[in-house]
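# after the sequence you'll find the predicted model.
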Amino acid sequence: MADCPDCGGKMSSMADTCPHCGFMMKHKQVLKQKQRAKQLKKGRNRLLSGILYLAFGLIMSASSVSLLLCLIPIALGVFFLGRGLFTFIGFVQ
């Protein structure tokens, strides 16, 4: 037994189509390309969020706001930059 790459339902590993959703196994490559494009978009969005948080934290620190308050957006920026980079290259989803 195998899992359908589209719906996740159980199907025979010898079957050409999924009995639950009708997914044709010959379209598996197209599905992988769509998933990779979705992953790249998610990584790009996380990178952008990280840059914005980091910039906001740096602007706060330049405008003489308490250093402790500046660390929150800076830490979020570093987190999102790292997470976005790992998502972009394929380590994390």
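Yep, it's here.

# for this structure, identify the residue most remote from the centre.
Within the chain, Ser64 marks the point farthest from the mean C-alpha position, 34.6 Å out by CA atoms, centre = their mean.

# list the contacts for it?
Applying CB atoms under 8 Å, 6 or more residues apart in numbering to Ser64 gives no contacts. Where you see a C-beta, it was placed from the backbone N, CA and C, and this is true even at glycine.

# how much space separates it from Cys18?
Relative to Cys18, Ser64 is positioned 61 Å away (criterion: CB to CB, to the nearest Å).

# wait, Phe79 sits on Ser49?
No: here Phe79 does not reach Ser49: they are 9.4 Å apart, not a contact under CB atoms under 8 Å.

# any chance you could list what contacts stretch 76-90?
Taking CB under 8 Å, 6+ apart as the rule, stretch 76-90 contacts 39-40, 42-57, 92-93.

# buried set for that stretch?
The neighbour-count check on stretch 76-90 (16 or more other CB atoms under 10 Å) flags Leu76, Gly77, Phe80, Leu81, Arg83, Gly84, Thr87, Phe88 as buried.

# quick one: mean pLDDT for stretch 12-23?
Confidence over stretch 12-23, taken as the mean pLDDT, stands at 81.

# give me the buried positions along that stretch.
Neighbour-count burial for stretch 12-23, with 16+ other CB under 10 Å as criterion, is recorded at Cys18, Phe23.

# follow-up on the earlier one: just the buried residues of stretch 76-90: which are in strands?
Judged by DSSP state E, strands contain none of the buried residues of stretch 76-90.

# out of these, the closest to Ala2 would be?
Compare each of the buried residues of stretch 76-90 with Ala2 using CB to CB and the shortest gap goes to Thr87, at 26.8 Å.

# could you say which helix or strand holds the closest residue to the closest one other than its chain neighbours?
Counting by CB to CB, 6 or more residues apart in numbering, Gly43 is the residue found nearest to Thr87 once chain neighbours are left out, at 3.7 Å. Using DSSP states H and E, the element containing Gly43 is helix 28-62.

# low-confidence ranges in the protein?
When the per-residue scores of the chain are filtered using pLDDT under 70, the ranges that remain are 27, 93.

# tell me which residue lies nearest the centroid of the protein.
What sits nearest the mean C-alpha location of the chain, by CA atoms, centre = their mean, is Lys42, with 3.9 Å.
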